[in-house]
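# Structural data only, the sequence is not supplied:
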């Protein structure tokens with residue numbers, strides 16, 4: 001019997017609607033009670049530690065605590081940074097130029113770093129050109145210094161700056177020419193032969209706050225009326241000027257790549273600028289609630305530090321892209337392939353087909369119902385098979401929009417999975433009243449209802465075409481289909497992984513010789529053996545949020561497994577683990593059962609309760625967590641910081657009480673977990689935890705090594721850092737003790 005769209009209240013939507021793949025950002029603020037000040041600039045040293053200038057001196061922030069240095073230099077009014085040699089930082093302050101050493105020494109700060117402090121007059125900016133010349137910006141003058149040669153250039157008092165942190169923005173173009181832009185709008189080119197700055201005729205800009213080179217012959221400047229692009233040539237001429245973006249009061253900007261830019265403003269927060277085939281898109285990043293943006297600085301690990309006059313936070317570009325399918329309902333219920341370049345998605349109301357066109361995915365077909373009936377949709381033999389919440393299946397013809405109900409199946413639980421085998425037969429899971437059933441090409445229904453098959457949640461085949469099914473069962477946990485007998489038999493496992501406990505298999509991934517299982521008890525693999533019971537083993541994955549219940553599994557082209565848990569998304573590859581949740585840009589940690597699907601372009605699609613998300617070809621997911629630094633101390637004694645590459649062991653007396661402090665300079669610390677071990681005591685790593693201190697009491701004699709590693713959300717484990725130490729012999733084990741015993745006998 002055939003049912004048409006008017007019976008089920010369906011309406012057909014217009015096609016060819018472009019689905020925007022919106023770039024997402026996450027933002028984490030440094031708590032206001034951890035770091036306080038009237039900030040001016042920030043920089044990151046070679047150890048990953050942040051330094052901030054302020055009106056109250058220097059601030060050192062290690063991602064967990066802040067240290068203040070109000071008297072590091074002759075004045076507390078510190079301004080800006082540049083990187084010096086050997087990862088040291090140079091900073092400019094009201095009385096000159098100082099230095100910060102990246103590795104802690106007896107003296108952390110160096111005064112009068114260039115040896116010209118007495119010659120400077122309230123410097124504000126610092127720049128170093130490629131030939132090693134330092135350029136220091138004062139109110140209305142520029143100072144150059146190199147190898148003892150000092151020169152001051154008068155740029156004209158009419159163009160002096162009244163800003164405390166912006167005077168002259170310096171840029172060196174791809175031809176090696178030096179350009180200077182005054183805060184009040186003048187453009188200068190430096191004549192190396194005449195040793196002078198010449199004014200260049202450009203449109204009048206106001207309040208030029210930032211300038212950066214883009215490519216060989218382009219310079220971008222940010223000013224009060226927007227961002228402009230200057231095209232220059234090797235003769236120090238401006239060949240063309242065009243306005244890139246209409247945005248008021250630009251204070252700074254930072255290129256993410258050649259087509260994406262973060263833009264800061266003096267009074268309206270941060271904007272995201274995208275350029276696509278000449279078209280410019282500008283949108284405000286509402287997650288950043290700072291209004292006065294002073295600086296945008298790349299983090300050495302990931303993301304961009306956003307600095308305002310009183311606040312600091314880390315903005316990170318999410319690897320996940322949001323794709324809007326139905327503006328009226330974001331909850332997704334299923335996602336699957338619909339051919340080589342198409343995907344089919346369902347949200348319970350709308351069934352849509354998306355097609356890849358260049359960089360975007362376009363909706364080329366959509367069908368909508370007013371009733372929340374449908375759970376899963378499968379593109380099947382040029383039709384769409386749809387499973388509803390009542391255990392039944394319909395066929396939808398996308399050419400005619402004709403809907404046909406498959407007869408002969410009573411109602412039951414919602415359809416959780418649809419599968420097409422090599423003979424183009426449709427398998428249906430989820431109807432617990434019927435069990436597993438199959439629809440052939442003639443639309444005849446065959447049921448498989450023997451014990452164990454009524455609670456099947458997933459059925460799939462591997463490269464060899466063999467079909468396996470699994471679900472909720474206290475007996476056999478895996479079933480194999482035999483084509484000859486048209487029946488299922490339980491797979492005999494070498495050991496039962498769950499004993500008498502409830503064990504649920506939610507999803508399968510079938511390789512040639514191994515079946516991988518996402519279960520209520522974690523991640524398992526079974527190795528097929530035709531003659532003997534199959535071997536099954538658990539794959540250990542350190543748990544975030546103490547959740548081991550897995551709901552979906554997919555393997556991407558790079559060999560990595562993706563697992564959906566109750567607390568987020570896990571990537572597992574050759575023992576390396578990464579974990580993603582809302583803090584990394586997922587709309588929610590509530591991923592649907594069997595809601596992961598890789599397309600033919602290497603993109604991973606994720607169906608969640610708050611939208612459809614895509615990870616483009618494993619974009620931006622490979623970074624490691626920063627390696628923890630370790631300090632070892634005898635309780636009641638001094639501390640020793642383990643330096644990079646240091647192997648010399650530390651020696652302590654017998655029975656010493658030791659304290660170990662360790663920290664990965666990853667931000668925010670609430671997303672970082674640690675594991676420790678002392679292999680001489682236990683080769684197993686500890687459980688993931690957020691502790692950064694470890695105390696040991698009354699060590700026995702011996703040689704020991706403490707090993708520490710860290711993992712932050714969205715990152716892989718860090719490299720292992722370790723510190724070696726030895727505990728001496730007890731007093732009764734020493735040679736003089738035995739000598740004394742012999743003498744007294």
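Everything's here; your move. All values reported here derive from a predicted model rather than from experimental measurement.
# if you skip the residues just before and after it, what's nearest to residue 244?
residue 227 (4.5 Å; C-beta to C-beta, 6 or more residues apart in numbering). Backbone N, C-alpha and C define where each C-beta goes, glycine included.
# would you say that neighbour is within a strand?
Yes - counting by DSSP: H, G, I helix; E, B strand; the rest coil, residue 227 is found in a strand.
# what number of residues lie near it?
Residue 227 is flanked by 22 other residues according to other C-beta atoms under 10 Å.
# how close does the residue nearest to residue 491 when sequence neighbours are not counted get to residue 488?
With sequence-adjacent residues excluded and distances taken as C-beta to C-beta, 6+ apart, residue 491 is closest to residue 478, at 4.2 Å. Separation of residue 478 from residue 488 (C-beta to C-beta, to the nearest Å): 10 Å.
# so what sits against both of these two?
Counting by C-beta atoms under 8 Å, 6 or more residues apart in numbering, the residues touching both residue 478 and residue 488 are residue 469.
# quick one: residue 253 from residue 676, how far?
42 Å.
# When these two are compared, which one has more neighbours?
residue 253 (26 against 19).
# isn't there a strand covering the more buried one?
Yes - looking at residue 253 with three-state DSSP, it is inside a strand.
# Just the element for the closest residue to it other than its chain neighbours, please.
Leaving aside its sequence neighbours, residue 253 sits nearest to residue 263 (C-beta to C-beta, 6+ apart; 4.6 Å). Residue 263 is part of strand 260-265, with elements assigned from DSSP states H and E.
# Need the residues that contact that strand.
Strand 260-265 is contacted from outside by 23, 222, 227, 245, 247-256, 270-275, 282, 285, 291, 293-296, 304, 306, 315, using C-beta under 8 Å, 6+ apart.
# Among these, name the buried ones.
With burial judged by 16 or more other C-beta atoms under 10 Å, the buried subset of those is 23, 222, 227, 245, 247, 249-254, 256, 270-273, 282, 285, 293-296, 304, 306, 315.
# Strands along the stretch 601-745 of the chain, start to end?
Using DSSP state E, counting those that start in this stretch, the strands of the stretch 601-745 of the chain run over 604-608, 611-615, 629-634, 639-641, 650-652, 658-663, 672-677, 693-696, 702-712, 721-727.
# low-confidence ranges in the stretch 451-600 of the chain?
For the stretch 451-600 of the chain, the stretches flagged by pLDDT under 70 are 474, 498-500, 544-547.
# quick one on the thing from earlier: the strand holding residue 263 pairs with which strands, parallel or anti?
Counting by DSSP bridges, the strands paired with strand 260-265 are strand 250-257 (antiparallel), strand 270-276 (antiparallel).
# need the ones you listed in JSON lines with distance to residue 430 and mean pLDDT, can you?
Below are those laid out as JSON lines (distance: least, C-beta to C-beta, whole Å; pLDDT from 0 to 100):
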{"stretch": "strand 250-257", "distance to residue 430": "44", "mean pLDDT": "95"}
{"stretch": "strand 270-276", "distance to residue 430": "42", "mean pLDDT": "93"}
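# that older thread, the residue nearest to residue 491 against residue 510, yeah?
No - applying C-beta atoms under 8 Å, one finds residue 478 not in contact with residue 510, separated by 10.6 Å.
# any common contacting residues for the two?
Counting by C-beta under 8 Å, 6+ apart, the common neighbours of residue 478 and residue 510 are residue 468.
# Please name the residues that touch residue 210.
166, 169, 221-222, 250-253 are the contacts of residue 210 under C-beta under 8 Å, 6+ apart.
# beta partners of the residue lying closest to residue 112 once chain neighbours are set aside?
Spatial nearest neighbour of residue 112, chain neighbours left out: residue 96 (6.0 Å); criterion: C-beta to C-beta, 6+ apart. Counting by DSSP bridges, residue 96 forms beta bridges with residue 93.
# so which strand or helix has residue 295?
Using DSSP H and E, the element containing residue 295 is strand 293-298.
# what's the next secondary structure element after that strand?
Next helix or strand after strand 293-298 toward the C-terminus (DSSP H and E): strand 304-308.
# how much space is there between residue 228 and residue 203?
Separation of residue 228 from residue 203 (C-beta to C-beta): 8 Å.
# More neighbours: those two, which one.
residue 228 (21 against 12).
# which residues does that one bridge with?
Note on residue 228: beta-bridge partners residue 221, residue 243, judged by DSSP bridges.
# pLDDT wise, what is it at?
pLDDT recorded at residue 228 is 96.
# Run through the residues that contact the residue nearest to residue 491.
Neighbouring residues of residue 478 by C-beta under 8 Å, 6+ apart: 468-470, 490-491, 493, 505, 515, 517, 526, 534.
# Residue 553 is in contact with residue 561, correct?
Yes - using C-beta under 8 Å, residue 561 is in contact with residue 553, at 6.5 Å.
# anything in contact with each of the two?
Counting by C-beta under 8 Å, 6+ apart, the shared contacts of residue 561 and residue 553 are 509, 516, 523.
# need the contact list for the first one.
What that stands for is residue 509. Contact partners of residue 509, counting by C-beta under 8 Å, 6+ apart, are 460, 515-516, 553-555, 561.
# How about the second one?
Contacts for residue 516 were tallied using C-beta under 8 Å, 6+ apart; they are 508-510, 523-525, 553, 555, 561.
# Tell me the buried residues in the host helix or strand of it?
Element membership of residue 516, judged by DSSP H and E, is strand 514-519. Neighbour-count burial for strand 514-519, counted by 16+ other C-beta under 10 Å, picks out 515-519.
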